[in-house]
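K.L.:
here is my input; please provide its structure:
(2 chains)
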Amino acid sequence: MTDAVIVEAVRSPGGRYKRGGLAATRGDEIGFQVIKGLMARVPAVKPEDVDDLIVGCAFPEAEQGMNYGRVLAIGAGLPISVSGMTVNRFCSSGVQAIADATAKIRAGWSEVIIAGGCETMSHIPMGGSIFRPNPEWNFDGGQPNVYVSMGITAENVAVSYNVSREDMDKMGVESNRRAYEAIKAGKFKEEIIPIEAFKYKRDKNGKRIRDKVVFDTDDGVRWPVKLEDMAKLKSPFKAGGVITAANASQMTDGAAFSLLMTAEKAKELGLKPLARLAYYAVAGCKAEEMGMGPAFAIPKVLKMAGLTPKDIDVYEINEAFASQAIASCRLIGIEDRYWAGDINPNGGAIALGHPLGATGGKLTAQLLHELKRRKAKRGIVSMCIGGGMGAAAIYEML
Amino acid sequence: MSYQIKKAAVLGAGVMGATIAAHLTNAGIECCLLDIVPFELTEADKKAGLTEKSPAWRNRFAANGLAGVTKSKPASFYSKKNASMIKIGNFEDNLKWLADVDWVIEVVVENLKIKQDLFAKVEKIVKPGCIVTTNTSGLPIKDITANFGKKLKEHFLGTHFFNPPRYMKLLEVIPGKETKKEVVEFMIKFCEEVLGKGVVVCKDVPNFIGNRIGVFDISNAITLMVQKGLKIEEVDAVIGKAVGRPGTAVFGTLDLVGLDTGYHVMKNLYAAVPDDESRDLFIPPGFMDKMMEKKWLGNKTKQGFYKKTKDAKGKKAKLVLDYSTLDYVAPTKPKFESVSAAKKASDLGIAESMKIVFGGKDKASDLIREYLCNNFIYAVNRIPEIADRVVEIDNAMKWGYNHALGPFETWDAVGVRNAVDVMKKLGKKVPKKIDDMLKAGCESFYAKKPDGLYYYDFAKKGYVKLEDNPRVILLPALKEQNKVVAENASASLIDIGDGVACLELHTKMNAVDDGVIEMINKSCDIVEKDFLGMVVGNHDPRAFSAGANIFKVLLAIQQGDWDVLEALVANFQNANMRMKYLSKPVVTAPAGLALGGGCEIAMHGARCQPCGETYMGLVEVGVGVIPAGGGCKEILVRVTEGLPDGVVEAGLNLQFHMAKAFENIGTAKVATSAMEAMELGYIRKTENISLNRDQQIWDAKQVVLGLSKFYKPPRPALIPVMGENFRGMANGVLYNMRHGNYASDYDVHVGRKVAYILSGGDCNEGTYVTEQEILDLEKEAFLSLCGEKRTQDRIMHMLSTGKPLRN
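P.N.:
Just a heads-up that it's a prediction; the model follows:
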């Protein structure tokens, strides 16, 4: 079996929901630029070398619809010979796309694939703009509620797994601190493709015009933040609840893509492979406690690889909510690794945002560049998934 | 020349200026709000990159004023969207905007020099015919205008709003000596008809009318309290609701307004009225000086005459000031026989209650007698100093201080001669004017005669007819003139002239019962035959209609009269549909509460002419039922009407339209103004709003007359629904609400019933259903819920406590 390798992994900066740097920019325009930026970083690969483009997207509709993969391939200037497809496994869609690309290459069905995710939450609402749950399902009668609000699942996890408000808020502070430090140290520069973003404003005559500005830094980070201030916030999901804006991920716009190819092709083009996606697993869990997904997916993928948690140098575990991130780490027995700085070392989604379908691609770019800086060997990208699932991918540096 | 106000400028963006600007937008008038440029850049400003050129810094005071009024409680805006009608700026850069406005109102600090300097600039900018007014509450108009040119003097007057301007009816208009008569007349009309205010024309004397009589009223109460050694809570228990005063009574009101405000007004008044026989009362007592020093200014400093705290168990507790020791102590619970008796008699009207307290034998009556006699004497002595007629003084106190009756009306209530006897017993000097009046055989200040209301005129020493405002239609007066066309115990149909009839509900809180339904039908029969159209409205200060009479519903449930209940629902639905599709136009005129069944009636006219202060909502879920008088049906009509043909067939996603209807009914949303009722969909956005409650029925009548010239009833509505897809969506929402502890199991159960109705029943998304189909779903759901214990518990709880039960 041929090996599939990643030669580059990049991302856009994360733009805050509605008020951030990408809020006025169409999602596809963000995707085009990240894909173009990715190709520009690897000039040895010619556009016609690319065989397929796989994009993960959690709500593939409206500007993200009409088979986003094909739209992005054409819009990014790839030749018409490059096919495109869209995969959806909600919050793991981005890493799912990379896993699918890996599998396809290993099977010998493709040589070069661009894979990742692209999501504009400012424009497409959570749940999609046309929400039609099955009216016959009786959730309180035991039918798993795959439609449940994510906030409620996070509240449920906090109760079931006894995660304190204080612990969650502490993670909120730490996530922001790490992200702030990482940005200050310029750590993300290597992985970020600056985006020429739209800005709507008025000219001096009061006429509405579209302007362009370069957006190059994640804009959701709040620093300094104080634990006392965080403690004052109220839950928007539950009366007397514990999940707040300060201990939950931010809704974010962004895109992230990796360039994958056969090991032979990389060699032929004289490229030094960065890493490979070695193992990938998805596991189901209770829909109403979907945040526990990583607690099932990480052990599953480790077992597949014959590894134990300590064999992993760096983890990127999506902070959809601090409650589920903490509870998952506790269940696996790796909570100390978070405070040691091996889990989400440069801040997580509480500070940097969670652009749903793009997150898997984004965390992959963050992980691979961190492993490279650390000269470390193995890392895991994992996240919980709405509907009650978890995904985990083991990456090995090459 | 004729005047018109389309645009205005408010100078000064303090609380008063900003809230006046807000109310102007409520009346549909765009305005600019200007204030001074801040004195200097702060360190924080510099850090934020602001310079002395930054508009964000230069306009800061006006911006803060606008931000404050947007958050004010109670709300100053009918809708927060109105804030976009206010343009902010500053006196240095933006006075040129004044060239474009029709009215400039000045609300800056009460400093003569500052006002004069500002007006000197304004004078140079405003266009000819622009009306310029000041909101001063204390400075003489003649001093402010001393240096004005002729043109400005002719167009200048005082317009004194009471706080908060949206809610307080009183507006004192103070013409200057040289103000053109037509300007004064225009402004009176404008302030009444457009701004909805009750205008009292005042003389240019210190504190005008409201604050002159009002300050005396308070000073009088404080002085008597000290003289008689009474406690604060005792005075408040007496001079409160039983005698037609606000529930906050004397000291609660002072805490609300701010002790500093009251204190300064007293001191200023003392200085301004050297010849006032009672001016010594305006010297604040020693304990008020000390409270000022300690900054115990009332609610804004969390303590004043009262202080809210928590007891050892964390329960809220209210302490009261012992003014002799300046300690906050637990209040005694004063009980007075006369006050209790008056409260019991409250159904007989406020005049009866007053009579009871005034004639009682206890400590409360002693206080009230002396307090009211002082008020009476003071008010009489102010004629003609501050007003020529009793009418202005009464109106000012009712509209500016929320007294149920003005001093002369109060005097009439307790009996003029009776009070004079009391005055003599108390050793008070009875004003000669009153002796003359009684000698002339005039035993009251007001007298009802067949052709209208008369007041006693001191100058003419006889009764003079009070001029009628043709825009004020008074239903009680028409009833006395035998204009009732039909009536029963619950409602009356009254001929309001020009071929228009008015259906007036008059049950308790105007609740909907069998009688009301019967009268709707009967009125429709009559109007269809003999009138051009019908208004549905009343004068009740509280409610257009607070909803269905749930006592009768509960009775039917308890007796197992399901047929009766079903008939009641069907009859109410049919009556509402009858109004909607009547061949003559029906205009509903909601004001105050329009809840549940009241909201449904208000929604079933050809048009609606709401009062600005209309609090409307379908609140049935609070008692465990659903709107079954056509409320669900009509809200579905409202959220879907106006969709272009074909868009539903083309796949229009109705989810958000339906979610709005579901949220309104499911969470019992009540609009806090007519404009918000439009935003919620209870009133069409194309309707007009009456800001003046007194003129609302006249306004509605004009709409009927206009429509009657060429009226076609609406075509039956066909409603696009989402079918079972909506139910799936609603289930998802209800699940999240239940698990977020925002809803109980029974709330979810009732919510599902609402969802079933709004879904249109068992059908596909995009199906068009008839109104009757939805009405049938309403009826079915209502009856099934009535059969459930928890709905019955909710109804019973509401009847016994007045509050919804969450079970």
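K.L.:
can you report phi and psi for residue 83?
P.N.:
Since you didn't name a chain, this refers to chain A. phi -80, psi 170 (degrees, to the nearest 10).
K.L.:
ok, the residue nearest to it when sequence neighbours are not counted - how many residues close by?
P.N.:
With sequence-adjacent residues excluded and distances taken as C-beta to C-beta, 6 or more residues apart in numbering or on different chains, A:Ser83 is closest to A:Asp52, at 4.9 Å. Quick note: C-beta positions are derived from backbone N, CA and C, even for glycine. A:Asp52 has 22 neighbours, counted by other C-beta atoms under 10 Å in any protein chain shown.
K.L.:
which pLDDT value belongs to A:Asp52?
P.N.:
Looking at A:Asp52, its pLDDT is 98.
K.L.:
ok, now which ones touch A:Lys36?
P.N.:
A:76-77 (C-beta atoms under 8 Å, 6 or more residues apart in numbering or on different chains).
K.L.:
what kind of secondary structure is it in?
P.N.:
helix (DSSP: H, G, I helix; E, B strand; the rest coil).
K.L.:
likewise the one 3 residues further on?
P.N.:
Taking three-state DSSP as the rule, one finds A:Met39 in the helix state.
K.L.:
contacting residues around it?
P.N.:
Here A:Met39 is in contact with A:45, A:47, A:76, A:114, A:259 (C-beta under 8 Å, 6+ apart).
K.L.:
ok, what's across the strand from the residue nearest to A:Ser83?
P.N.:
A:Ser83, A:Ile113 (DSSP bridges).
K.L.:
enumerate every residue touching it.
P.N.:
Applying C-beta under 8 Å, 6+ apart, the residues near A:Asp52 are A:82-85, A:101, A:104, A:110, A:113-114.
K.L.:
which bits of the stretch 51-200 of chain A sit near chain B?
P.N.:
A:129-137, A:139-140, A:145, A:147-149, A:151-152, A:155-156 (C-beta under 8 Å from any C-beta of the partner chain).
K.L.:
quick revisit: reformat the contacts of A:Met39 as TSV; add secondary structure and pLDDT.
P.N.:
Converted to TSV, the contacts of A:Met39 look like this (DSSP: H, G, I helix; E, B strand; the rest coil; pLDDT from 0 to 100):
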residue	secondary structure	pLDDT
A:Val45	coil	98
A:Pro47	helix	97
A:Ala76	coil	98
A:Ile114	strand	98
A:Leu259	strand	98
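K.L.:
may I ask which of those residues has the most neighbours?
P.N.:
Of the contacts of A:Met39, with other C-beta under 10 Å as the count, A:Ile114 tops at 31 neighbours.
K.L.:
I figured it hits A:Met261, correct?
P.N.:
No - counting by C-beta atoms under 8 Å, no contact exists between A:Ile114 and A:Met261, whose distance comes to 9.9 Å.
K.L.:
got the contact list for B:Glu370?
P.N.:
B:224, B:426.
K.L.:
quick check: the gap between it and B:Ile393.
P.N.:
20 Å (C-beta to C-beta, to the nearest Å).
K.L.:
go on, B:Lys151?
P.N.:
33 Å.
K.L.:
next: A:Ser110.
P.N.:
92 Å.
K.L.:
burial measure for A:Asp336, as a count.
P.N.:
Applying other C-beta under 10 Å, I find that A:Asp336 has 11 neighbouring residues.
K.L.:
with just CA atoms, put the strand or helix carrying A:Ile6 into PDB.
P.N.:
Assessed by DSSP states H and E, A:Ile6 sits inside strand A:4-11. Output of strand A:4-11 as PDB, limited to C-alpha atoms (Å, rounded to 0.1, in the frame of the first residue of the first chain):
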ATOM      1  CA  ALA A   4      -0.200   9.300   1.900                       C
ATOM      2  CA  VAL A   5       1.700  12.200   3.200                       C
ATOM      3  CA  ILE A   6       0.900  15.800   4.100                       C
ATOM      4  CA  VAL A   7       3.300  18.300   2.600                       C
ATOM      5  CA  GLU A   8       1.700  21.500   3.900                       C
ATOM      6  CA  ALA A   9      -1.100  22.500   6.300                       C
ATOM      7  CA  VAL A  10      -2.400  26.000   6.500                       C
ATOM      8  CA  ARG A  11      -5.400  28.000   7.800                       C
END
